[in-house]
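In: Predicted model, plus sequence, below.
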Amino acid sequence: MAISEYLGSTKNLAGCVGGLVGVGLHFSGLVTGVLWVPVVVVLYAAGALVGPPERVRLTVDPTAEAAALRSDLDALLAKVTAAQSRLPEGTLAQLDRIADYLRPALDRPAELAGDPETGHSLIRLIRTDIPLAVEGYLNLPWWMSVGKKGPAEELGTQLGLLEADAKAVSTAFFADDVRRQADHTRYLEDRAGDEEG
C-alpha cells in the first residue's frame with residue numbers, strides 16, 4: 001500500500017483517533033512528563049491495528065466500462081470503414097444503424113450499471129457478435145458460399161439479426177423512459193380535461 005493510500009485509509013484514521021485520545025490524556029493531566037509521547041504512539045498503533053480494513057471493491061466503474069465499450073465500438077467502426085471497399089454495399093450504413101441503437105445506452109453509465117442484462121448484451125454485441133460477423137465475411141474468399149447463400153448475403157442476414165437485437169436491447173433499456181413519457185402525457189390530458197369540465 002502506498003503512503004498516500006495509507007494516509008486516507010480507515011486504519012490511519014482509527015490510529016489518529018487513538019493518538020488524539022493520548023493527547024487528550026496529556027492535556028487533562030492524566031499522563032504527565034515525558035511519558036505522554038510514548039502513550040500517544042502506543043494508542044495510535046493500537047487504533048491502527050484494530051481499525052477496520054479497507055472495503056474491497058470488485059465492481060467495475062460504470063463510467064469507465066461504458067467509455068471502454070464506446071471506444072471499442074468506435075474502433076470497430078473505424079476498422080470497418082477502412083475495409084469498406086471489401087464489404088458489400090450498405091454494410092457500413094447497417095453497422096451505423098446498429099451503433100445508433102447502442103450509443104444512447106452507453107451515454108447513461110449509471111443506469112447501465114443498474115441493468116446488468118443490458119450491459120452484458122452490449123458487451124456481447126460490441127465485442128463478440130458484430131466483430132465475428134464482419135471478420136467472417138472478410139476472411140472468406142468472394143466466391144465461397146455459406147450454405148445456400150453467398151458470403152455477402154450471409155453477412156446481410158447476420159447484420160439484420162444483430163440490428164434487430166440491438167434495437168430490442170435499446171428498447172428494453174429505455175422502456176421506463178417511454179412509460180414515464182406516456183404517463184406524463186396522460187396526466188396532462190387528465191388535468192386539461194378536469195380544467196375544462
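Out: On my side now, so go ahead.
In: Quick check: closest non-adjacent residue to the residue positioned nearest the centre of the chain.
Out: Central residue of the chain (Cα atoms, centre = their mean): P62, 2.8 Å from the mean position. Distance criterion Cβ to Cβ, 6 or more residues apart in numbering; nearest residue to P62, sequence neighbours excluded, is A113 at 3.3 Å. From N, CA and C alone the C-beta is placed, and that goes for glycine too.
In: The residue nearest to the centre of the chain: what's it in contact with?
Out: P109, A110, L112, A113 (Cβ atoms under 8 Å, 6 or more residues apart in numbering).
In: State the pair within the residues you listed that is farthest apart.
Out: Greatest spatial distance among the contacts of P62 (Cβ to Cβ): A110 and L112, at 7.2 Å.
In: hmm, back to that, number of nearby residues for the residue nearest to P62?
Out: Number of residues near A113 (other Cβ atoms under 10 Å) recorded here: 17.
In: That one reaches G119, doesn't it?
Out: Yes: at 7.3 Å, A113 and G119 qualify as touching, with contact defined as Cβ atoms under 8 Å.
In: sorry, back to before: now, which of the contacts of P62 lie within helices?
Out: Residues of the contacts of P62 located in helices (DSSP state H): P109, A110, L112, A113.
In: I'd say the first one and A66 touch.
Out: Meaning P109. Yes: at 3.7 Å, P109 counts as touching A66 under the criterion of Cβ under 8 Å.
In: and those two? which has more neighbours close in?
Out: Using other Cβ under 10 Å as the criterion, P109 and A66 rank with A66 on top: 22 against 19.
In: Pretty sure the more buried one sits against L106.
Out: Yes: using Cβ under 8 Å, A66 is in contact with L106, at 4.9 Å.
In: which neighbours do the two share?
Out: Joint contacts of A66 and L106 (Cβ under 8 Å, 6+ apart) are L112.
In: need the contacts of P62 in CSV with distance to G193, can you?
Out: As requested, the contacts of P62 are exported to CSV (distance: Cβ to Cβ, whole Å):
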residue, distance to G193
P109, 40
A110, 37
L112, 38
A113, 40
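In: List the contacts of the helix or strand containing L162.
Out: Using DSSP states H and E, L162 falls within helix 151-173. Here helix 151-173 makes contact (Cβ under 8 Å, 6+ apart) with 87-88, 90-91, 94-95, 97-98, 101-102, 104-105, 111-112, 115, 117-118, 121-122, 125, 129-130, 133-134, 136-137, 140, 142, 144-147, 149.
In: now the angle between helix 151-173 and the next helix or strand after that helix, please.
Out: As assigned by DSSP H and E, the chain's next helix or strand after helix 151-173 is helix 175-196. Taking axes from the mean of the first three to the mean of the last three Cα atoms, to 10 degrees, one finds that helix 175-196 is oriented at 50 degrees with respect to helix 151-173.
In: List the contacts of the residue lying farthest from the centre of the chain.
Out: The centre of the chain is farthest from one residue, G33, which by Cα atoms, centre = their mean lies 57.2 Å away. Contacts for G33 (Cβ under 8 Å, 6+ apart) come out as none.
In: so how far is the helix or strand of the chain with the lowest mean pLDDT from its chain's centroid?
Out: Within the chain, confidence by mean pLDDT, DSSP states H and E is lowest for helix 3-7 among all helices and strands, at a mean of 77. With Cα atoms, centre = their mean, to the nearest Å as the basis, helix 3-7 stands 27 Å off its chain's centre.
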